[in-house]
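Let's see this in three dimensions:
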Amino acid sequence: MTQIPDSFHVSQVKKVNNKLVSLGVLLLFILNIVVPFSGSLTQASAATATITNPSPQDNATNQLTRPTLSATVTYSGTMRVVFSEYEGGVWTTIREFNNVASGTYSTVPNLMVDIGTTYQWRVDVYDGATLSTSQTYTLTTTSTVLTPKWTYRSTAGSEAGVDR
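Okay, the predicted model is just below:
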């Protein structure tokens, strides 16, 4: 019987019942249990996407509600970039960028609307075979109610500026 190697590279991951399942582990299981395996396994050299420069950075405080979220994604081919926010035990897609190249992507969240509240967000990148997920970033919105810095009074007596 062929021994299972101490380590191997997983290059493909599939989402099944909201859990990630490694196709490499499944293949090793099938090869060792169902079909006698002869030969050798080689490590895959597939490049994965890198996700850097998140903004706001992890544990950011005093953020405005609905802050602009951004991250730089690098990959050698085209990919799908997905921004998600976490609320009520569920990750919800904010925005998807499909068939895009490396670059910096940004979006504005839908649910981060309350002041003095901590929120979570992340970035997922899928190249058609491999899923790369950023760490989960947290931010806390400001608890200060903003006041107007200026008021404009027209000759007709009406005012313009930030709502009070």
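
any low-confidence regions in this protein?
Within the chain, the stretches with pLDDT under 70 are 1-47, 154-164.

What are the structural domain limits within it?
Listed domain ranges for the chain are 1-46, 50-141 (source: automatic domain parsing).

mind checking the end-to-end distance for the longest one?
To tie it back to what came earlier, the one meant is domain 50-141. Using C-alpha to C-alpha, to the nearest Å, the end-to-end distance of domain 50-141 comes out at 27 Å.

Okay, strands next: where are they in the chain?
According to DSSP state E, the chain carries its strands in the segments 13-16, 19-22, 50-55, 60-63, 69-74, 79-87, 90-100, 103-107, 118-126, 131-133, 137-141, 151-153, 159-161.

can you list these in JSON lines and add mean neighbour count?
For glycine as for every other residue, the C-beta is placed from the backbone atoms N, C-alpha and C. Converted to JSON lines, these look like this (neighbours: other C-beta atoms under 10 Å):
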{"stretch": "strand 13-16", "mean neighbour count": "12"}
{"stretch": "strand 19-22", "mean neighbour count": "11"}
{"stretch": "strand 50-55", "mean neighbour count": "15"}
{"stretch": "strand 60-63", "mean neighbour count": "14"}
{"stretch": "strand 69-74", "mean neighbour count": "19"}
{"stretch": "strand 79-87", "mean neighbour count": "19"}
{"stretch": "strand 90-100", "mean neighbour count": "13"}
{"stretch": "strand 103-107", "mean neighbour count": "15"}
{"stretch": "strand 118-126", "mean neighbour count": "20"}
{"stretch": "strand 131-133", "mean neighbour count": "17"}
{"stretch": "strand 137-141", "mean neighbour count": "19"}
{"stretch": "strand 151-153", "mean neighbour count": "10"}
{"stretch": "strand 159-161", "mean neighbour count": "10"}
